[in-house]
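**Q** this is a predicted model, with the sequence first.
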Amino acid sequence: MRGAGERAAGSVGCMSRFSNLDLGLVVRGHGRHYIVEDTDGKRLVCHPRGKKSDAVVGDQVRFAESGDEGVIEAVEPRRNLLFRQDEWKTKSFAANLDQLLVLVAVEPVFSESQLARSLIAAESAGIRMAIALNKTDLPGTAEARERLAPYRAMGLTMFEVALKADREGSRATLAPWLAHQRTFVLGPSGTGKSTAINLLVKDAQAQVGEISQALNSGRHTTTTTQWYWTDDTRQTALIDSPGFQEFGLRQIAAADLWRFMPDLREHADCRFANCSHIHEPGCGVRAAVDQGLISASRYRIYGEILEELQRKSW
């Protein structure tokens, strides 16, 4: 039986019989309609062969042109896939990413649980990550900075920006880390994702308009994952997606959860190899919590997610 991650990644057929077809990059998808960019930068609407479609933004696909449109015949093997999974469905964000930028803000107050979940998903997919705190020109910055202290202590890359109040300073802060990378930008509504895209991407609205016109679906511009090249060289990409309320991690086995939380992993020198880090004696993680080496909020989040993953579905 195929696992959750394998199902989410989709079936990838034998590439040899499709190697003579054009190679393209999926830059947007809506239902069974995709925008595929060929190696010359030309974009066209493509549809998958058959009823099922496994392609996501960031996929390399083999396609055949048919008039003004194209047919996706196969999806090339992926090096990673960022996705979330709850009891009912799997939602894929994007494939073949270099890094994840989680954008949070001083206002509105961000959810520590959602932040932790997105970082766990990236860690499990082998995607490096960073956090950017936006709106640092507002009162409340010190409190937000304090809430992020456990992530700074873990050695996670951290940025502080004011995307509207200090456009040039913010660009100078983020641009070097983003350069020549494929970066997925994740964050709740109101944190400034659209502001960041418009600041960092040349002709961002033109790219949206071009794709929306091709799909004849302008009303979906804020509800679909979108690939942007930051400039005409097509060396640096930002991938934006709509906000979300829940971030399930059902793709992760309960017994492996701690492995994707670096602060817990660092102290998981426990008496028992299968320690759950909840109640067993001789637990290095709980000892680290008691000593203040792991923050109480991070340990609480671990317990909540662990209980969720252990809960049976009936």
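**A** Ah, there it is. Numbers count the residues shown, from 1 in each chain.
**Q** make it CA atoms for all contacts and neighbour counts henceforth
**A** Noted.
**Q** any weak-confidence spans in this structure?
**A** Along the chain, segments meeting pLDDT under 70 span 1-16, 206-223, 312-314.
**Q** all helices of it, in order?
**A** Along the chain, the stretches classed as helices by DSSP state H are 4-9, 112-125, 141-147, 149-153, 167-178, 193-200, 204-215, 262-266, 284-290, 296-310.
**Q** and Val106, backbone torsions?
**A** Dihedral pair for Val106: phi -60, psi -40, per degrees, to the nearest 10.
**Q** count the neighbours of it for me.
**A** 21 (other C-alpha atoms under 10 Å).
**Q** again with Lys91
**A** Around Lys91 there are 13 residues (other C-alpha under 10 Å).
**Q** what sits up against the longest strand seen in the chain?
**A** Identified as the longest strand of the chain according to DSSP state E is strand 22-30. With contacts defined as C-alpha atoms under 8 Å, 6 or more residues apart in numbering, strand 22-30 is touched by 34-39, 55-64, 211, 224-228.
**Q** of those residues, buried ones?
**A** Taking 16 or more other C-alpha atoms under 10 Å as the criterion, what is buried in the contacts of strand 22-30 is 34-38, 55-64, 211, 224-228.
**Q** next step: these restricted to strands.
**A** 34-38, 60-64, 226-228.
**Q** adding distance to Pro176, write these out as TSV.
**A** As requested, those are exported to TSV (distance: C-alpha to C-alpha, whole Å):
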residue	distance to Pro176
Tyr34	31
Ile35	28
Val36	28
Glu37	25
Asp38	27
Gln60	26
Val61	29
Arg62	32
Phe63	34
Ala64	37
Gln226	22
Trp227	19
Tyr228	17
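**Q** could you identify the most distant pair in these?
**A** Ala64 and Tyr228 (23.3 Å; C-alpha to C-alpha).
**Q** just give the nearest non-adjacent residue to Cys283, would you?
**A** Cys270 (4.5 Å; C-alpha to C-alpha, 6 or more residues apart in numbering).
**Q** ok, now how distant is that neighbour from Arg286?
**A** Distance of Cys270 to Arg286, given as C-alpha to C-alpha, to the nearest Å: 9 Å.
**Q** looking at these two, which one has more neighbours?
**A** The residue with more neighbours, out of Cys270 and Arg286, is Arg286; 23 against 18, by other C-alpha under 10 Å.
**Q** the more buried one and Arg298, how far apart?
**A** Counting by C-alpha to C-alpha, the gap from Arg286 to Arg298 is 12 Å.
**Q** equivalent analysis for Leu119, please.
**A** 12 Å.
**Q** tally of neighbours for Arg234?
**A** 11.
**Q** ok, it to Thr39 distance?
**A** 10 Å.
**Q** again with Leu119
**A** 32 Å.
**Q** try Ala94
**A** 19 Å.
**Q** quick one on the thing from earlier: contacts only, for the residue nearest to Cys283.
**A** Counting by C-alpha under 8 Å, 6+ apart, Cys270 has contacts Gly282, Cys283, Gly284, Val285.
**Q** cool, Gln245 as well?
**A** Pro188.
**Q** for it, give me phi and psi.
**A** Gln245 adopts backbone torsions of phi -100, psi -30, taken as degrees, to the nearest 10.
**Q** turn the contacts of Cys270 into TSV, including distance to Ala153.
**A** As requested, those are exported to TSV (distance: C-alpha to C-alpha, whole Å):
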residue	distance to Ala153
Gly282	24
Cys283	21
Gly284	18
Val285	16
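**Q** widest-spaced pair of those?
**A** Gly282 and Val285 (9.0 Å).
**Q** who's more crowded, the two?
**A** The neighbour comparison of Gly282 against Val285 (other C-alpha under 10 Å) goes to Val285, with 25 against 14.
**Q** thought the more buried one was touching Ala268?
**A** Yes. With contact defined as C-alpha atoms under 8 Å, Val285 reaches Ala268; the gap is 5.3 Å.
**Q** quick check: buried residues in stretch 89-109?
**A** So for stretch 89-109, counting by 16+ other C-alpha under 10 Å, buried means 90, 92-107.
**Q** for the residue located most distally from the centre of the chain, give me its contacts.
**A** Most distant from the centre of the chain: Pro281, at 36.2 Å, with distances by C-alpha atoms, centre = their mean. If a contact means C-alpha under 8 Å, 6+ apart, then Pro281 has Arg271 as its contacts.
**Q** hmm, try it at 7 Å
**A** Going by C-alpha atoms under 7 Å, 6 or more residues apart in numbering, Pro281 touches no other residue.
**Q** how close does Ala204 get to Ser194?
**A** 10 Å.
**Q** now Leu138
**A** Using C-alpha to C-alpha, Leu138 is found at 19 Å from Ser194.
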